[in-house]
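S.K.: Sequence and computational prediction follow.
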Amino acid sequence: MEDLRTKRKGKILAVKDLPTLPPVLDEITKMIEDEHCTPKQIAEVIAKDQVLSAKVLKMVNSPVYGFPRRITTIQHAIVLLGFNVIRGIIISTSVFDVMSQAMVGLWEHSLGCATISKIIAEELGLKDPEEFAVAGLLHDIGKVVIAIQLPEEKEEIQKLVAKEDITYLEAEKKVLGFGHDRVNSWLADHWNLPLPTKVALTYHHNPESAEFYEKFAKIVHVADFITKVLEIGNSGDELLNTLSKKDFVDIGLSFKKLAKIMDRVLEDIIEVLTFIPK
Amino acid sequence: MQNNTQEFFLISPDETIYLIFDKFLKQKGSLVQFNEGKPAIDRILQTPPAMIILDIKIEDISYLEMIKLIKGENVYLQIPLILCLDKEIPKEIENMSVFDLDIDDFILRPINPKEAKIRLELTACKASKFLDANPLTKLPGNTTIIQKIQKLLDAKRDFALGYVDLDFFKSYNDKYGFSRGDEVLMMTARIIVNTVKEECGAEGFVGHVGGDDYVFIVPVNKAEDVCKKIIKNFDAIIPYFYDPTDKERGYIISKNRQGKIEKFPLMAISIGVVFNINGRLKHYGEASQIAVNLKKIAKKSQKSTYIIDRRRNE
């Protein structure tokens, strides 16, 4: 079992070509050529694609640039990488749409979770809500990488979810011996992502296990839940995990604040989802 | 990266070249072949190799664009690049100056293995002599900076010369240590390089004098925008280089020059800019003296500041 696990881990970390959505690539390429475009505008578009966001953050936090694990937002990454390197990342990103083929709805789910994480952070008056958006966007990146690197196992997981009426995470653990939360943690180390981002990615299913930066894990945990309740996209789960009152109270959410958050979510989500290309 | 784990990238669809190079590169490291350009870019950006051999025969992307991408970045430009050509030199290169075609050497097909070996070794050797570059940021160092400025002065060209340095860098270094300090220096270099490139394209120049001192040269009409943008980006990103508690309260506690404990604000960036218009300045020393003095005045403010001397002729 341990051998198989090591082998699978190796296969997952060997991931080179993450898939991404063609319309995003075209849009950014055009923006980079436009002299008047600012890093902020480009960041807004890149932030809508989890795969591209992961690549950009991985690049700016790699030892090549000399400040690993420091940069958490896409906008700062663009300032530091520069348009030239961003273009390099884009032209070398292979365009095959695994996500929408292999895991229907996961992209919409991730985008929804990013939007909601950001709204919660804003309503709680936290600094740098963009950091929470990135964490929300990438929280299921492990599922994408599993689908690319271990396609047969992914099929098995999906079948198991349908047959045994268990959560996606439980099915992953049965089939692979580990879940996408573990995969997230490996990827975060492998790509030198900053610690708060890693914590959110690793502990978004069990935030109480996070030793530090638990706020990141907790907010993404709540945002993930809201995304599922509102049925924005599809995370692969039929079942809804439970959310305790404690989860809300811990991050400082009152019912009054929650109501306000839900209002904003419903307003923003329409705008976000119209971006989805068909 | 001088050990035998180093990688050499061959970007070419041609199998025969691989066999030739693989023979003598085996002792030095490993040769990785890419049939196309795009997958190679991805690898180069993430794990820069010891050398790149680029064939003009790649089809998925223009080889000129690839050269521009690699040689245009301070973190990659030191990778030696050898271009593989056919006897028939392509038109687009024929009309180009050697300086614009930013390569380190070239080889012609059909490849003579003995000659190729010597050329490879020579190129590697030249690259290691890239001595003037700052060892940390790989930006051009003092010799290049002085030459560049003097050349512009002699040609009586209008330009703006900026001197940049960081406020409270020393106290940051004292508290967080040298390697964290180096992170800040790398970050600052990236901000200056990208800002100058985005505002001025090929007309701009950035050098690293040493420590937390940098220099840039830009067209006169761009100077103010460049200063503003550098400051904006630096101020937005620098808090992330502090630990959460220091970032939160906005200052650090460290020793001052007398060894006494003191509060220091987060780092700021100071820029002094001097204009050379209508051949006002004659010597490098004169230009740098004025810019450095202005920078010292800018430094008096604890916040990021720039000061521009717009004088024309006295």
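M.R.: The structure has been received and is ready for your questions.
S.K.: Going by proximity to chain A, name the top residue of the stretch 151-300 of chain B.
M.R.: The stretch 151-300 of chain B approaches chain A most closely through B:Met186 (3.3 Å), counting by CB to the nearest CB. For the C-beta atoms, the positions are set from N, CA and C on the backbone; glycine is no exception.
S.K.: center of chain B, which residue is that?
M.R.: Centroid-nearest residue in chain B, with CA atoms, centre = their mean: B:Asn74, separated by 2.7 Å.
S.K.: Let me see the contact set for that one.
M.R.: Shown in contact with B:Asn74 (CB atoms under 8 Å, 6 or more residues apart in numbering or on different chains): B:Thr137, B:Lys138, B:Leu139, B:Ala189, B:Arg190, B:Val193, B:Val206.
S.K.: pLDDT below threshold where in the stretch 1-150 of chain B?
M.R.: B:1-4, B:128-131 (pLDDT under 70).
S.K.: Then the stretch 51-200 of chain A?
M.R.: Along the stretch 51-200 of chain A, the model assigns pLDDT under 70 to residues A:91-102.
S.K.: Nearest to chain B: which residue in it?
M.R.: Nearest residue of the stretch 51-200 of chain A to chain B, counting by CB to the nearest CB: A:Gly66, 3.3 Å away.
S.K.: Tell me the spacing between the residue nearest to that residue when sequence neighbours are not counted and B:Asn134.
M.R.: Among residues not flanking A:Gly66 along the chain, B:Met186 sits closest, at 3.3 Å (CB to CB, 6 or more residues apart in numbering or on different chains). Look at B:Met186 and B:Asn134: by CB to CB, to the nearest Å, they are 10 Å apart.
S.K.: where along the stretch 201-314 of chain B do the strands fall?
M.R.: Using DSSP state E, counting those that start in this stretch, the strands of the stretch 201-314 of chain B run over B:205-210, B:213-218, B:251-255, B:261-265, B:268-276, B:305-309.
S.K.: For the fourth one, buried residues please.
M.R.: Along strand B:261-265, the positions that meet the burial threshold by neighbour count (16 or more other CB atoms under 10 Å in any protein chain shown) are B:Phe264.
S.K.: Now do the domain split for the chain, please.
M.R.: Assuming you mean chain A. What automatic domain parsing lists as the domains of chain A is A:17-91, A:105-273.
S.K.: hm, I was asking about chain B
M.R.: B:7-128, B:142-309.
S.K.: what residues does the stretch 101-250 of chain B put near chain A?
M.R.: Proximity of the stretch 101-250 of chain B to chain A (CB under 8 Å from any CB of the partner chain) is limited to residues B:136-137, B:182-184, B:186-187, B:190-191, B:193-194, B:197-198, B:233, B:236-237, B:240-241.
S.K.: Where does A:His109 sit, in terms of helix or strand?
M.R.: Per DSSP states H and E, A:His109 falls inside helix A:106-123.
S.K.: got it, and B:Ile107?
M.R.: B:Ile107 belongs to strand B:105-108 when assigned by DSSP H and E.
S.K.: tell me what that strand is packed against?
M.R.: strand B:81-85, helix B:113-128 (3 or more CB pairs under 8 Å, 6 or more residues apart in numbering or on different chains; DSSP states H and E).
S.K.: Throw these into a markdown table and include mean neighbour count and distance to B:Asp105, thanks.
M.R.: Output for the helices and strands packed on strand B:105-108, formatted as a markdown table (neighbours: other CB atoms under 10 Å in any protein chain shown; distance: least, CB to CB, whole Å):
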| stretch | mean neighbour count | distance to B:Asp105 |
| --- | --- | --- |
| strand B:81-85 | 21 | 5 |
| helix B:113-128 | 14 | 5 |
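S.K.: Same list (those) but as CSV, adding distance to B:Thr245.
M.R.: Shown next, in CSV, are these (distance: least, CB to CB, whole Å):
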stretch, distance to B:Thr245
strand B:81-85, 45
helix B:113-128, 43
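S.K.: of these, which approaches A:Val79 most closely?
M.R.: Closest approach to A:Val79 among those is made by strand B:81-85 (26.8 Å; CB to CB).
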